[in-house]
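Engineer: A structural model of the following input is requested.
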Amino acid sequence: FHVDWEFHRAGPERVLAVVAMRGRGRESGVPVDVRWGQLWTFRDGRAAQMVMYRDLQKAFEAAGLRR
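Structural biologist: Numbering: from 1, shown residues only. The predicted model follows:
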């Protein structure tokens, strides 16, 4: 099981986190490779909101970023 994080600044108070999770089922050995986006909004230095996106293109669009 392995998780990678990739961060993209989306403005002074927003960050897009792209999460990649890879591994194999312990019993089945079935491979898992999943990616998703989390758009975080901060206020006064604290996390105020997080919106999760299954579709990375939509996550980048919501963050106002180009992929």
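Engineer: so how far is residue 61 from residue 67?
Structural biologist: The spacing between residue 67 and residue 61, counted by C-beta to C-beta, to the nearest Å, is 9 Å. Yep, even glycine has a C-beta here, placed from its N, CA and C like the rest.
Engineer: ok, the two, which is more surrounded?
Structural biologist: Set residue 67 next to residue 61 and count neighbours by other C-beta atoms under 10 Å: residue 61 wins out with 13 against 10.
Engineer: find the helix or strand that the more buried one is a member of.
Structural biologist: In the assignment (DSSP states H and E), residue 61 maps to helix 56-63.
Engineer: who are the packing partners of that helix?
Structural biologist: Contact partners of helix 56-63 among helices and strands, from 3 or more C-beta pairs under 8 Å, 6 or more residues apart in numbering; DSSP states H and E: strand 14-24, strand 31-43, strand 46-53.
Engineer: surely residue 25 meets residue 1?
Structural biologist: No - counting by C-beta atoms under 8 Å, residue 25 stays clear of residue 1, with 10.0 Å between them.
Engineer: avg pLDDT for the helix holding residue 61?
Structural biologist: The pLDDT scores in helix 56-63 average 97.
Engineer: stretch 7-25 too?
Structural biologist: Across stretch 7-25, pLDDT averages out at 96.
Engineer: quick check: end-to-end length of it?
Structural biologist: One end of stretch 7-25 sits 27 Å from the other (C-alpha to C-alpha, to the nearest Å).
Engineer: need the contact list for the residue lying closest to residue 42 once chain neighbours are set aside.
Structural biologist: Computed as C-beta to C-beta, 6 or more residues apart in numbering, the closest residue to residue 42 that is not its neighbour in sequence is residue 13, at 4.9 Å. Going by C-beta atoms under 8 Å, 6 or more residues apart in numbering, residue 13 touches 41, 42, 43.
Engineer: ok, back up a step: between the helix holding residue 61 and strand 31-43, how many degrees?
Structural biologist: Angle, helix 56-63 to strand 31-43, by axes from the mean of the first three to the mean of the last three C-alpha atoms, to 10 degrees: 10 degrees.
Engineer: so for helix 56-63, what gets flagged as buried?
Structural biologist: Burial within helix 56-63, assessed by neighbour count using 16 or more other C-beta atoms under 10 Å, is assigned to 59, 60, 62, 63.
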